[in-house]
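K.L.:
Next come a sequence and a model predicted from it.
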Amino acid sequence: MKKFGGYLLVAVLGSLISLGAFVMIQKHSLKLQGIPQQSVPVRLASMSGEGPSMPDFITAANMTVHAVVHVKTEYARKNNYYDYFFNFHDFFGDNNGMREPAPLEGAGSGVIISPDGYIVTNNHVVQDATSIEVVLNDKRSYKGTVVGADPSTDLAVLRIDEKSLPYLAYGNSDDLQIGEWVLAVGNPFNLTSTVTAGIVSAKARNINILGSPENPAIESFIQTDAAVNRGNSGGALVNTRGELIGINAAIASGNGYYAGYSFAIPVNIVKKVVGDLLDFGEVQRAFLGVNIREIDSKFAQEQGLKQLRGVYVADVLDDGAARNSGIQKGDIITSIEGVTVNSTSELLENVSRYRPGDKVSVSVNRNNDAKTFTVILKNKNGNTAVVKKEKSDIVSMLGAKFENASPDLLNRLGIKNGVQVKNLGDGILRDAGIREGYVITEIDKKPIHSATDIESALTDKKGGVLIEGVYPNRTRAYYGFGL
């Protein structure tokens, strides 16, 4: 019993000592709470100094916004089919049956690339436009004219009459790295001078939005996650140094609005296309003379290929550049001029930078043996000459015959001049919606007195055309199309 009492006494004393120590520690802790504490920096073992810093976008943004313009376009609205047969304005007592339908409007962006007013934008921004207005960041406004366009790359060059303009210097899209920060600058939803930031998500993307059987496309887009929306088309993609490295062209979206990814045309393609349009009026497109296909694991297994690198030559065209140099069907193209190619889009992008007649070094893998060939590139006609746009007989393309409107018809319609459409067949006029009997009074605001005036107004014309006139039932009609 005495032994048990001793244990109890020791236990009680131990509890009292523990309680006293806890109280003292608690009081000391409460005092410390009122004293500012110095935090100890925590770093990953691999980090040193102050750690990585975010890139500075301010300089690049300030350099870019002044060189990116707002491109506003108008398109002629086609008349209703029934307006030709019945004048609804007269039926409802509207004596102003000659009133002009409001034109359709569009908007996009463009990038000034020289101080004397040359601007690059997307072809789809200005295609078929009857008028183009270019608004600078300082709100000055100019009439824009189309110098040239290339649907296969979705690029166009505009010109405004001004000097000493701010402009962007070309960068090098080959130097872009996946994960690198970029800025997209444009005018989404008519919100001028909008800057968004993102990173390069992928390169050499083919999203199958361009081209046709007659006009094969060159798609090798830079993919980014910088926010791009309607109105950004034709705007600038720049690196953190403010260098132009792409022209924004498209978004991946199910509803027409930004959903996470946007696509830009690499500036190395832009430089070549713009240079050709300014120097020749036509893009000088070079061809290897091969049919190619991607290499995936299934195809590699079928062909007994040991590696999944390069682009497979499925066929070599007769008398093409590749065949003449020694490249054969079954070869795997691995690089062009030392630049590695691992997809059809990369190969097309690299070839598109050269002109017919240029010599390029093409490396191939043939039966696991590396070979290099010097290829003299050719044009679409199979030679190395400069390709110039052929002058077409514009009158025959219109698909109609014309007669000067008789004095009686002019008097009855209340007009001073005009040429009447006769014997309408297949051609541009019918495609635009024009019907026989239509009297053309103006083309692009120029009075038309004869068929010669029509030819003069349309010969060498590029871009949108606006035709104004009136039908014999006094229905005024406006039509637009692109040349």
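P.N.:
Okay, I see it.
K.L.:
so where do the strands sit in the stretch 201-350 of the chain?
P.N.:
Under the criterion DSSP state E, counting those that start in this stretch, the stretch 201-350 of the chain carries strands at the ranges 221-224, 236-239, 244-252, 261-266, 290-293, 311-316, 332-336, 339-340.
K.L.:
Tell me which of those strands sits nearest to Tyr75.
P.N.:
Ranking the strands of the stretch 201-350 of the chain by their distance to Tyr75 (criterion: Cβ to Cβ) puts strand 244-252 first, at 19.7 Å. Backbone N, C-alpha and C define where each C-beta goes, glycine included.
K.L.:
Which pLDDT value goes with the closest residue to Lys388 other than its chain neighbours?
P.N.:
Using Cβ to Cβ, 6 or more residues apart in numbering and skipping the chain neighbours, the partner closest in space to Lys388 is Glu282 (6.0 Å). For Glu282, the pLDDT comes out at 89.
K.L.:
Next up, the contacts around Glu282.
P.N.:
Residues near Glu282 by Cβ atoms under 8 Å, 6 or more residues apart in numbering: Gly148, Asp276, Val387, Lys388, Lys389.
K.L.:
thinking again about what came up before, right, so of the strands of the stretch 201-350 of the chain, which gets closest to Ser114?
P.N.:
Once the strands of the stretch 201-350 of the chain are compared by Cβ to Cβ, strand 244-252 is nearest, at 11.9 Å.
K.L.:
Could you pull out the buried residues of that closest one?
P.N.:
Residues of strand 244-252 classed as buried by neighbour count (16 or more other Cβ atoms under 10 Å): Leu244, Ile245, Gly246, Ile247, Asn248, Ala249, Ala250, Ile251.
K.L.:
What of stretch 369-384?
P.N.:
Along stretch 369-384, these residues count as buried under the neighbour rule (16+ other Cβ under 10 Å): Phe373, Val375, Leu377, Lys378, Asn379.
K.L.:
Based on its surroundings, how many neighbours for the closest residue in space to the first one that isn't next to it in sequence?
P.N.:
Ranked by Cβ to Cβ, 6+ apart and with sequence neighbours excluded, the top spatial neighbour of Phe373 is Ser325, at 4.4 Å. For Ser325, the neighbour count with other Cβ atoms under 10 Å is 18.
K.L.:
quick one on the thing from earlier: highest neighbour count among the contacts of Glu282?
P.N.:
Sorting those by how many neighbours each has (other Cβ under 10 Å) puts Gly148 first, at 23 neighbours.
K.L.:
where's the residue nearest to that residue when sequence neighbours are not counted relative to Val68, distance?
P.N.:
Setting aside the residues directly before and after it, Gly148 is nearest to Leu277 in space (Cβ to Cβ, 6+ apart), at 3.4 Å. Taking Cβ to Cβ, to the nearest Å as the measure, Leu277 falls 20 Å from Val68.
K.L.:
Let me know the pLDDT of the nearest residue to Tyr75 once chain neighbours are set aside.
P.N.:
Leaving aside its sequence neighbours, Tyr75 sits nearest to Leu104 (Cβ to Cβ, 6+ apart; 4.3 Å). For Leu104, the pLDDT comes out at 82.
K.L.:
Ranking helices and strands of the chain by mean pLDDT, which lands last?
P.N.:
The least trusted helix or strand in the chain, going by mean pLDDT, DSSP states H and E, turns out to be helix 88-91, with a mean of 41.
K.L.:
which of the residues in the helix or strand just after that helix are buried?
P.N.:
Reading on from helix 88-91 to the C-terminus, the next helix or strand found by DSSP states H and E is strand 104-112. By neighbour count on 16+ other Cβ under 10 Å, the buried set for strand 104-112 is Gly106, Ala107, Gly108, Ser109, Gly110, Val111, Ile112.
K.L.:
Which other helices and strands does strand 104-112 contact?
P.N.:
strand 68-75, strand 118-121, helix 123-126, strand 181-186, strand 244-252 (3 or more Cβ pairs under 8 Å, 6 or more residues apart in numbering; DSSP states H and E).
K.L.:
right, and these - which one's nearest Arg309?
P.N.:
When these are compared by Cβ to Cβ, strand 244-252 sits nearest Arg309, at 25.7 Å.
K.L.:
Surely Tyr261 is in contact with Gln223?
P.N.:
Yes. Here Tyr261 lies in contact with Gln223, judged by Cβ atoms under 8 Å, at a distance of 5.8 Å.
K.L.:
which residues are in contact with both of these two?
P.N.:
Ser201.
K.L.:
Just say helix, strand or coil for Gln395.
P.N.:
Not Gln; residue 395 is Val. The three-state label given to Val395 by DSSP: H, G, I helix; E, B strand; the rest coil is helix.
K.L.:
what sits against it?
P.N.:
Val395 neighbours (Cβ under 8 Å, 6+ apart): Ala451, Ile454, Glu455.
K.L.:
same question, Val238
P.N.:
So Val238 contacts Ala60, Met63, Thr64, Leu168, Gly171, Val182, Leu183, Val185, Leu244, Ile245 (Cβ under 8 Å, 6+ apart).
K.L.:
ok, and the most crowded of those residues?
P.N.:
With neighbours set by other Cβ under 10 Å, the maximum within those is found at Val185, which has 29 neighbours.
K.L.:
thinking again about what came up before, out of the helices and strands packed on strand 104-112, which comes closest to Gly469?
P.N.:
Minimum separation from Gly469 across these (Cβ to Cβ) falls at strand 68-75, 17.4 Å.
K.L.:
Please export the C-alpha coordinates of that closest one as CSV.
P.N.:
Coordinates of the C-alpha atoms in strand 68-75 are reproduced here as CSV (Å, rounded to 0.1, in the frame of the first residue of the first chain):
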residue,chain,number,x,y,z
VAL,A,68,-0.8,46.9,-86.2
VAL,A,69,-3.7,48.5,-88.1
HIS,A,70,-7.5,48.0,-88.1
VAL,A,71,-8.7,46.8,-91.6
LYS,A,72,-12.3,47.6,-92.3
THR,A,73,-14.0,46.2,-95.4
GLU,A,74,-17.2,46.5,-97.3
TYR,A,75,-18.8,44.0,-99.6
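K.L.:
mind checking the end-to-end distance for stretch 333-342?
P.N.:
8 Å (Cα to Cα, to the nearest Å).
K.L.:
starting at the chain centroid, how far to it?
P.N.:
Taking Cα atoms, centre = their mean, to the nearest Å, the mean C-alpha location of stretch 333-342 is offset from the chain mean by 25 Å.
K.L.:
which parts of that stretch are buried?
P.N.:
Judged by neighbour count using 16+ other Cβ under 10 Å, the buried positions of stretch 333-342 are Ile333, Thr334, Ser335, Ile336, Val341, Asn342.
K.L.:
Count residues in the vicinity of the residue nearest to the second one when sequence neighbours are not counted, would you?
P.N.:
Of all residues beyond its chain neighbours, the one nearest Thr334 is Gly310 (4.3 Å), with distances taken as Cβ to Cβ, 6+ apart. Gly310 has 23 neighbours, counted by other Cβ under 10 Å.
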